[in-house]
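Trainee: Predicted coordinates and the sequence they were generated for:
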Amino acid sequence: MSLRLLVSLVCSLFVLTSFSVAKPAPEPTPLKIVKIGNDIFPLYEARSVQPKKTVAPAYPATERASNTSGEVLLALFVNEQGKVTRVEIVESKPSPAFGDAAKVAVLQWRYPKVTYEGKPTAFIVQVPVIFNLN
């Protein structure tokens, strides 16, 4: 065996043994499974599935003028590609204007693709949105 071939084999072996494949991220664990009609969706908390693109909501003008803070809880329906396709306002306090403003913003958010039981899936995520002028 020539020295050149031996060096080539050793280098190839080094490359093969020192290369490691990154493990895929573990699937997030849903809070529960929700059935809507014939469709089944995993339901996640906001901390379990983080958006990869967000848009901040506009502060409602009336609430800004009165220096009012608010909280909104939303249920986002996200398709297999990570696009928010539907938003339900679960709670908006003290004013519904906060929920309306939050809804407009989160429809522009994008999420990473999520798998459930090894398959890409649409999902629901609960997201709190806090409005505070301070």
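Mentor: Yep, that arrived.
Trainee: tell me the strands in this protein, going along the chain?
Mentor: With strands called from DSSP state E, the chain shows them at 32-36, 39-45, 70-78, 84-93, 115-116, 119-120, 123-131.
Trainee: who touches the fourth one?
Mentor: What it means is strand 84-93. Strand 84-93 has contacts (CB atoms under 8 Å, 6 or more residues apart in numbering) with 70-79, 96, 98-100, 102-103, 106-111, 126. C-betas here are computed from N, CA, C, even on glycine.
Trainee: From these, list the buried ones, please.
Mentor: Among the contacts of strand 84-93, those classed as buried by neighbour count (16 or more other CB atoms under 10 Å) are 70-78, 98-99, 102-103, 106, 109, 111, 126.
Trainee: Sketch out the low-pLDDT regions of the protein for me.
Mentor: Scanning the chain for pLDDT under 70 picks out 1-25.
Trainee: how many other residues sit next to the spatially closest residue to Leu133 that is not a sequence neighbour?
Mentor: Closest residue to Leu133 apart from its sequence neighbours, by CB to CB, 6 or more residues apart in numbering: Asn67 at 6.0 Å. By other CB atoms under 10 Å, the residues close to Asn67 number 8.
Trainee: just Phe131 next, same as before
Mentor: Neighbourhood size, Phe131 [other CB under 10 Å]: 21.
Trainee: before we move on, back to that, out of the strands of the chain, nearest to Thr62?
Mentor: Nearest to Thr62, of all these, is strand 70-78, at 11.1 Å by CB to CB.
Trainee: now the angle from the closest one to strand 123-131?
Mentor: Per axes from the mean of the first three to the mean of the last three CA atoms, to 10 degrees, the angle that strand 70-78 makes with strand 123-131 is 160 degrees.
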